[in-house]
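> curious how this folds, go ahead:
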Amino acid sequence: MEKHRCGWCIGDPLYEAYHDNEWGVPVYDDATLFEFLILETFQAGLSWITILKKRENFRKALDGFDYKKIANYKDDKISALLEDAGIIRNKLKVRATVTNAQAFMKVQEEFGSFSKYIWAFVDGKPITNSWKHYKDAPATTALSDSLSKDLKKRGFKFVGSTVIYAHMQATGMVNDHEVGCFRYHVVSRES
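Numbers count the residues shown, from 1 in each chain. Next comes the predicted model:
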């Protein structure tokens, strides 16, 4: 019998694997939270499948998403990234990646970890929603508005409320799997 999945991922094996193994699973590891933050910022204005298909290229180009290295990128590295056809070559997003790595480390210094900072917005526990259809889920919420505003105040770029809500979904801060999806209860138990 075929597993029921959220409608947004059906039809592409890469999308389905991402949905089945990663999307909505609570992430507390700073390195992974940073990776998703960077991928989500590059996704702004594009489809998520575009980013997923380039994910390994991003990993290679951005030193394994090592925020300590990225925070120290100089103009020569930024120029090389802008020549890399394997990633999204948007100058503002590439520069924002460096800025965000620097802001990320400042948050770590202040809160002990980025995870402690970001998860405090949901009191350390994922919000479980009950959407019958993935299209019922909002693009933003008052919570993503608040988190976006706070991140911008801390110097982050490309962190509008839509990007941040997508980040919250991806990293399991909210469980937005359709209630009929086989992952809905699995993710809820992992929370």
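> ok, then the element right after the helix or strand harbouring A17?
Taking DSSP states H and E as the definition, one finds A17 inside helix 13-21. As assigned by DSSP H and E, the chain's next helix or strand after helix 13-21 is helix 30-43.
> what's around N72, how many residues?
Other residues near N72 come to 12 when the count uses other CB atoms under 10 Å. Every residue, glycine included, has its C-beta placed from N, CA and C.
> over to V122?
16.
> if I look at it, how far off is G160?
19 Å (CB to CB, to the nearest Å).
> and the helices in this protein, which stretches?
Along the chain, the segments classed as helices by DSSP state H run 13-21, 30-43, 48-61, 67-70, 75-83, 91-111, 114-119, 142-153, 161-170, 182-190.
> which stretch in these has the least confidence?
Mean pLDDT is lowest for helix 182-190 among the helices of the chain, at a mean of 83.
> could you dump stretch 96-105 to PDB, C-alpha only?
Presented in PDB, the C-alpha positions along stretch 96-105 are these (Å, rounded to 0.1, in the frame of the first residue of the first chain):
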ATOM      1  CA  ALA A  96      24.100  37.800   3.100                       C
ATOM      2  CA  THR A  97      25.400  34.400   3.700                       C
ATOM      3  CA  VAL A  98      28.600  35.900   5.100                       C
ATOM      4  CA  THR A  99      26.700  38.500   7.100                       C
ATOM      5  CA  ASN A 100      24.400  35.800   8.500                       C
ATOM      6  CA  ALA A 101      27.300  33.600   9.500                       C
ATOM      7  CA  GLN A 102      28.700  36.600  11.500                       C
ATOM      8  CA  ALA A 103      25.300  37.400  13.100                       C
ATOM      9  CA  PHE A 104      24.800  33.600  13.800                       C
ATOM     10  CA  MET A 105      28.000  33.500  15.900                       C
END
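> buried ones in that stretch?
96-98, 100-101, 103-105 (16 or more other CB atoms under 10 Å).
> many thanks, have a good one.
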